[in-house]
Structure formats: structure tokens, C-alpha cells
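> Attaching a predicted model along with its sequence, questions to come.
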Amino acid sequence: MDLTWTDAEQAFRTEARAWLREHLELWREQCGGVIHSGDTREGFAQHLVWERMLFEDRWAVVSWPKAYGGREASLWEWIIFEEEYYAAGGPQRVTQNGIFLLAPSIFEFGTPQQRDVILPRMAAGDDLWCQGWSEPNAGSDLASLRSRATKVDGGWQLNGQKTWTTRGAFCTHLFGLFRTDPASERHQGLTYLLLPLDLEGIVVRGFSRLDGDEGFAEVFFEDAFVPDELAYGTPVLGGENKGWSVAMATTSSERGLTLRSPGRFMATAERLVALWKEAGGPPHLRDRVIDAWTKAEAYRVQTLQTVTNTVEGRPAGAETSLVKLWWSELDVQLHEIALDLLGPEGELDDQWSKGWQFSLSGPIYAGTNEVQRNIAAERVLGLPRR
Amino acid sequence: MRFSFDDDQLTFRDAVRDLLVKECSPDAVREPTRAVWDALAEMGVPTLLATEAAGGMGLDERWLVLLLEEAGYAGLPHPIVETAAVAMPLVAERVDAAAMITTDLGGPIVPWASEATHLLLADGPGLVLVAGRDAVVEEVDTVDRARFAGRVAWEPGVAIGVAGDRDLAFDRGAWGTAAFLIGLGQRMLDLTVAYVNEREQFGVPIGSFQAVKHHLADAALQLAFARPAVHRAAWSLATKSPDRTRDVSMAKAMASDAALLTGRKALQCHGAIGYTEEADLHLFLKRSWALARSWGDASWHRDRIGAALGI
């Protein structure tokens, strides 16, 4: 056990910190000092400018190969970058569903052509990917999805509807699950497809999330034709009718490390401590502030263990369900206390109330926390399924 | 950066685990004898932190933390935290390697006060060592009957001053108790998982009900995040980190909360059988109640974390 960083890792941290400080300031200036939510059309465009700045100096996808715009950072350096990113006040990553959810599956299952064409354009923000999994009648029970893709001459014909598609109205491409074997049920006969959203027969309609931003979209497919030959070759990722196992590879990254690293919660916890001081240090809320800070730090410490295990060839399994429970409930707790500190001022539509509303989605998305508790009980503890 | 244990540390842990399975069954917790203590002493566990010059093993907290978790898992009815984590690093050269040492640094109800061969006691800002026969022990009845606790006094003249850092001794005790609590919590969870897999109502194992699953997932969750905090505190102690006190307090606050929550969930999921002394659960449950509130309870330790955060 050695909980110290190497000189090289320290240097990486210093470099990231300096770059972030300088460029965040530059970006805010370019935005005229007013930064809109990345889940609005106006704010999305601002955030794309930021993504471009990250990409140009190889900070957009630090852990990726250099050929795709990364700097081949280790998992440790990635953790460090995330810490520095959020500590510096870096904005939400509007490209995250591509780079954190889709990209791991492309690295694992993609053809060389898919990798070579999709990944650099994704890193640069040239192609913007959204996730097409949930449907009006398939949420936690994703395997009940009904959107279908039928093999036709030279491509696929798509029919059906996706929904809760984050930033779908602003994206250019969709990765989704479609039923390709009409006789199949549940997890069988699904295919993972990668497709541009500007095809005929696809209609995207944005709608408001809880906080009023147009962060969601529903996507309608009506005899939409997806050709077999796209700029990146086949639209099929990982083989026909193998969509479920390909998709599960991304859910484990969504639940585990890659989507919600400890850095962002540590940064929120530090801001909460500062907020408590600004509020005049109300004694009746002190214990709750410290408890929330402690839980954020505990997530950071637990992650050091997870990363060690991953690096040493013992990747996390079902216990990623516990991790998702921890960060999602921690995020709610952090913001709840902030609103209590703000008191009546908490009603104002600002950073904390925005964060509070967003935190409430955490126990719902990426598999509801009820489903996570079932998974933890059955696969970590070994309780009977029925 | 490497947050895991070495093979030697895990091998030592396995050896202690095997010993405790044999020598510290629930029956042995109900009717304690010294046999298990002598066996642990033979393996060098109580003197693990003491220097080799003082007859110890000269190892550090990264080794001991796993052993204290095992002791908690077994519900060991002896002062292993008080002896191995707190006292021996300070007094090993003055006592026998099998000495059983207790202390009042964790609170005025001193566990195993009559049984201990020595007592390490607070004396003003310092510490003194008193031989068991010289201490005046007023025995008390405790909820956990394996604690054999008492209130302790001593006559002037019998105590020998102990040089050393009392704050460090306290931190080691709080941290060691946190490790013991993690073991207790894990045992309560394991007992309950086994029970709900076996116990049938409405024609199915009760563990198949979501209400039961969610209780136990909550317990597993708290333990899963408290344990790394306890391991990190072991590192902070072993390396004399400037964050030692904060890290120890984080470990104790989280372990206390996790063990208390796990105890509630375990009792609820055991149902009526859990509310008896027939089932083994109570052996671990009652110990967790005592330990969660000795050496500073969760709120007390959060207060110290707050001080470290400057609030």
C-alpha cells in the first residue's frame, strides 16, 4: 500500500491545473462572461467551443491513444485530470455520452474503420453522439424495448421511438439498441446501431427536463433507412443480434468509474464547505456539511482501491452497483444541504438549485437505484432472484 | 499509488482468520477462555506494532488493520485493540508478550478491566501503566456480557509513568476500534445473508423479497465505503501523515455509522429469532453498540474532521 503520487503524476497534475486555469478564463471571456447551461441550444454551442479548446491541446480525451486525440494517460492520470477539472470549475462535458458511454464499446467491439473514423471526430466534437436506449415503455426494463431495425437491401429500415435522449436535439449521431430479430424476446435479437440523425424518416423533438432546459429529446423512426456503408463503414457495432452484450459493456462504465469520477463530488463538497462559511457558519448544519464532505472523500478513497484493482487485473463486477448508489445519493445529499444553507434564497434559479435538480436525476438514470439495490443484493450478496 | 495489501499481509490475515474460526466460535464468545488469546500471542498479533528491540514484530498499521477486522468478525472477547493498537507500542519492553492490556482512553467503562494483566490509564495529560493486581476495579454490568467491564481507580504510588504520545495512542485506539467495527458489521451482514437465504415465509426464501434485499444492499453499501476509509487511516498512521487525525476520525465516524446501520438491518431481517439470545446475532450486535460509541462516536469524530477542514 502506497498512497502517494509519483513525480510524473504530480507533474501531470501541475500541467493540467495550469492549463485549465488559463483556458477556462479564456473561454469565459469568449462567452462574454455569461455561460448558459449546456442543455440549452445557446449553451450547447458555448460548451462546444470549450470542447474544441480541450481537444486542440489534447485534454478532451486524455486516456485515449494519441492517434485519436488523446495523450495515452494512465487511469491514475485520468483520475487526477478529473479532480483538477472539477476543482478548477470546469463545465459539464456536453460530449460525455459519446466519449464516456459509447467510446469504451467502440474500443472493445468496433471495426478498425469504425474506430479510425468515429473516435477522432467524436473527440474533436465534430460528431456529437447521443444515446438511444430508453423508450416510452422500456426504462429500467430496457430489455423490453420494441424499436426495430429490419434488414433490407443495402441497409436497415428503422421504426419505433426512443426517448429521454440526453441533448438529442443538439446531437448529430445516435447510438442505440434496436430489435433486429422480430421473433426474439428480451435480451436476444437486439443489435447495437450507430447512425446519423439527419437521415430521412428520423424526427427529433426536444423537450424540457425538470429544470426547464431542453436537455431531453424523443427520437421517432418512420421507415428510416440506414445504409450498410457509412463514412465509418457498417452501422452495426459488435455484430448482429449481439447488441445486449455490447450495451452492457457501456452500462458498467456508466455505473462505475468513467461517467462520475470522484473529482466532481469532491469539488461540490469543497464548495459546500465554503458555502457554510459564507452563510456565517450556522452550527445546526455543521455536522451535515462535514458528513457530506466525508462521504465525498470516502468515494475518492474507495476509487483509489477500485483503480488499483483494475490496474492489477481485477476489474470491478457487480459492485459497481454500490458505486452508483453511493455517488448518486451523495450528490442529492450535497445539494440538499446547500439549499438548507441558502434558506429562502435557495428558491432562486442559480448554480445550486440547478445542481439540486440535476442531482435528483442521479438515482433515476443509468438504472434506477431500486434496480441497483436488487443487483447488489443478488449479485454481490447472493440473495435469491425470485 | 497502490491501494491494496501485499501478499504477506494477506497471508498473515488468512492465518489469523483460520485460528479464529477454530478458537473463537460463537460458543467461545459466549464462554470466553484465554486459549485464543494465548494462540494470538504466539503468532505475535498483540505485539505486532512494537519494535523488535522491545520484543515485537516491528510491523505497522497496514498489517494490523486486517487482523483487527478479523478479530471483529469473530467477535473476539478480549482487548485486542487496546493491547495491540494502543498499549504495546508504548509499553512492550515492560510487559510479557502475552500480556493482556486494557485502557480507559476509549471511555470510562473499561473493557476487560478485571481480566487484564495491565492497564494503560490516562493521568492528567499523560499516561500511566498499572498492574492488574494494583488497580481498583468496580465491575459493572454491560449490555454485551462478553465485555467484562469496570470503572477503574488506582492508589497513588502503584502507577508507573509512560512516555509517549497520548494523542497518537488515542488515534490508534479509535482507528483499531473502527477496524473491529468493520469486521463486526461484515459478520452481521454475512449471518443475515445466510439466514434470509434459508428462512422461508409465504413459500419462498425471505431473501427473495425486495424489501429485504434493499435493507441488506444498504448495509453492504455503507460497509463497502467505510472499509477503504479504515484502510486509508492505517496508511496515514503507518506513514505519520499530517492528515492522520482527520483520516482516523473519518474511519471511526464511517465505521460507527456503518456498523450501527448494519446492526439495525441485520436485526430487522432476522425477524423474531434475532430478538433473542438464542441466535448468534446478538453477540456481534451488542459489541457494535458498545464500540460505536466508545473512542468517540460518529458525531464526535465528524467534529474533529470539521476542525481539520477549518470549519
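On my side now, so go ahead.

> Okay, the residue in chain A that chain B sits nearest to and residue A:116: tell me how far apart.
Closest residue of chain A to chain B, CB to the nearest CB: residue A:377 (3.4 Å). Backbone N, C-alpha and C define where each C-beta goes, glycine included. Per CB to CB, to the nearest Å, residue A:377 is found 43 Å from residue A:116.

> helix or strand right after the helix or strand of chain A with the lowest mean pLDDT?
Least confident element among the helices and strands of chain A, by mean pLDDT, DSSP states H and E: helix A:243-255 (a mean of 75). Note on helix A:243-255: by DSSP states H and E, the next helix or strand toward the C-terminus is helix A:262-278.

> which secondary structure elements does that following helix contact?
Applying 3 or more CB pairs under 8 Å, 6 or more residues apart in numbering or on different chains; DSSP states H and E, one finds that helix A:262-278 contacts helix A:75-87, helix A:283-311, helix A:320-342.

> Turn the ones you listed into TSV, including mean neighbour count and distance to residue A:234.
Shown next, in TSV, are these (neighbours: other CB atoms under 10 Å in any protein chain shown; distance: least, CB to CB, whole Å):
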stretch	mean neighbour count	distance to residue A:234
helix A:75-87	21	30
helix A:283-311	20	30
helix A:320-342	21	30
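
> measure residue B:295 to residue B:111 for me?
For residue B:295, the distance to residue B:111 (CB to CB) stands at 11 Å.

> Get me the contact residues on the stretch 51-200 of chain B for chain A.
B:62, B:189, B:193, B:196, B:197 (CB under 8 Å from any CB of the partner chain).

> which residues does the second one contact?
Under the criterion of CB atoms under 8 Å, 6 or more residues apart in numbering or on different chains, the neighbours of residue B:189 are A:381, B:216, B:219, B:220, B:223, B:262, B:265, B:266.

> Looking at the residues you listed, state which has the most neighbours.
Of all the contacts of residue B:189, the highest neighbour tally under other CB atoms under 10 Å in any protein chain shown goes to residue B:262, namely 31 neighbours.

> Within range of chain B, give me the residues from the stretch 201-350 of chain A.
For the stretch 201-350 of chain A, the contact set with chain B under CB under 8 Å from any CB comprises A:273, A:276-277, A:281, A:286-287, A:289-291, A:293-295, A:297-299, A:301-302, A:304-305, A:307-309, A:312, A:319, A:322, A:325-326.

> Helix, strand, or coil at residue A:213?
Secondary structure, DSSP: H, G, I helix; E, B strand; the rest coil: residue A:213 is coil.

> all strands of the chain, in order?
I went with chain A, as the question did not name one. Taking DSSP state E as the test, the strands found in chain A are A:129-132, A:148-152, A:155-162, A:173-179, A:190-196, A:202-207, A:216-227, A:236-237.

> Chain B, not that one
B:101-103, B:118-123, B:126-131, B:135-139, B:150-154, B:160-162, B:200-201, B:204-205.

> Of those strands, which stretch is the most buried?
Across the strands of chain B, averaging neighbours per residue (mean count of other CB atoms under 10 Å in any protein chain shown) puts strand B:101-103 on top, at a mean of 28.

> What is the burial count for the closest residue to chain A within the stretch 201-311 of chain B?
Using CB to the nearest CB, the closest approach of the stretch 201-311 of chain B to chain A is made by residue B:213 at 3.4 Å. For residue B:213, the neighbour count with other CB under 10 Å is 25.

> Enumerate every residue touching it.
By CB under 8 Å, 6+ apart, the contact list for residue B:213 reads A:373, A:374, A:377, A:378, A:383, B:207.

> Settle this for me: the first one is touching residue B:217, isn't it.
Yes: using CB atoms under 8 Å, residue A:373 is in contact with residue B:217, at 3.9 Å.

> out of the two, which sits in the busier spot?
A direct count of neighbours by other CB under 10 Å for residue A:373 and residue B:217 places residue B:217 higher, at 26 against 22.

> Report the spatially nearest residue to the residue of the stretch 201-311 of chain B closest to chain A, omitting neighbours in sequence.
What sits nearest to residue B:213 in space, not counting adjacent residues and going by CB to CB, 6 or more residues apart in numbering or on different chains, is residue A:377, at 3.4 Å.

> can you pull the contacts of that neighbour?
A:383, B:207, B:212, B:213, B:214, B:216, B:217, B:220.

> Name the nearest of the residues you listed relative to residue B:165.
residue B:220 (36.4 Å; CB to CB).

> The closest one contacts residue A:376, correct?
Yes: counting by CB under 8 Å, residue A:376 is a contact partner of residue B:220 at 6.0 Å.

> For the two, list the residues in contact with both.
Common contacts of residue B:220 and residue A:376 (CB under 8 Å, 6+ apart): residue A:322.

> Reformat the residues of the stretch 51-200 of chain B next to chain A as CSV; add distance to residue A:4 and pLDDT.
Putting these into CSV (distance: CB to CB, whole Å; pLDDT from 0 to 100) gives the following:
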residue, distance to residue A:4, pLDDT
B:62, 14, 98
B:189, 32, 98
B:193, 37, 98
B:196, 42, 98
B:197, 42, 98
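
> Tell me which of the residues you listed fall in helices.
Mapping these onto helices (DSSP state H) picks out B:62, B:189, B:193, B:196, B:197.

> filter those residues to the buried ones?
Listed as buried from these are B:62, B:189, B:193, B:196, B:197; burial here means 16 or more other CB atoms under 10 Å in any protein chain shown.

> Could you single out the nearest of these to residue A:362?
In terms of CB to CB, no member of these lies closer to residue A:362 than residue B:189, at 25.1 Å.

> From residue A:380, how far off is the closest one?
Using CB to CB, residue B:189 is found at 11 Å from residue A:380.

> where do the contact lists of those two overlap?
With CB under 8 Å, 6+ apart as the test, residue B:189 and residue A:380 both reach residue B:220.

> so what are the domain limits for chain A?
Per the record, chain A has its domains at A:7-94, A:129-242, A:260-380, by automatic domain parsing.

> And the longest one, end to end?
It stands for domain A:260-380. Length of domain A:260-380, first residue to last, CA to CA, to the nearest Å: 21 Å.

> do stretch B:134-148 as well
Its first and final residues considered, stretch B:134-148 spans 18 Å by CA to CA.

> Tell me the gap between that stretch and the middle of its chain.
Relative to the chain's own centre, stretch B:134-148 is displaced by 17 Å; criterion: CA atoms, centre = their mean, to the nearest Å.

> Let me know the average pLDDT across it.
Averaged over stretch B:134-148, pLDDT sits at 97.

> Same check on stretch B:40-60?
According to the model, stretch B:40-60 has a mean pLDDT of 97.

> Give me the buried positions along it.
Within stretch B:40-60, the residues that count as buried by 16+ other CB under 10 Å are B:40-41, B:44-50, B:54-57, B:59-60.

> Can you name the two of the residues you listed that sit furthest apart?
Within the buried residues of stretch B:40-60, B:41 and B:60 form the most distant pair, 19.1 Å apart (CB to CB).

> Can you tell me the closest non-neighbouring residue to residue B:280?
Residue B:280 sits nearest to residue B:26 (CB to CB, 6+ apart), 4.3 Å away.

> Could you verify my assumption that that neighbour touches residue B:75?
Yes: look at residue B:26 against residue B:75 with CB under 8 Å: they come within range, at 7.3 Å.

> the more surrounded of the two?
Set side by side, residue B:26 and residue B:75 show more neighbours around residue B:75, with 28 against 15, by other CB under 10 Å.

> quick one: contacts for that one?
By CB under 8 Å, 6+ apart, residue B:75 lies in contact with B:24, B:26, B:29, B:146, B:184, B:187, B:283, B:284, B:287.
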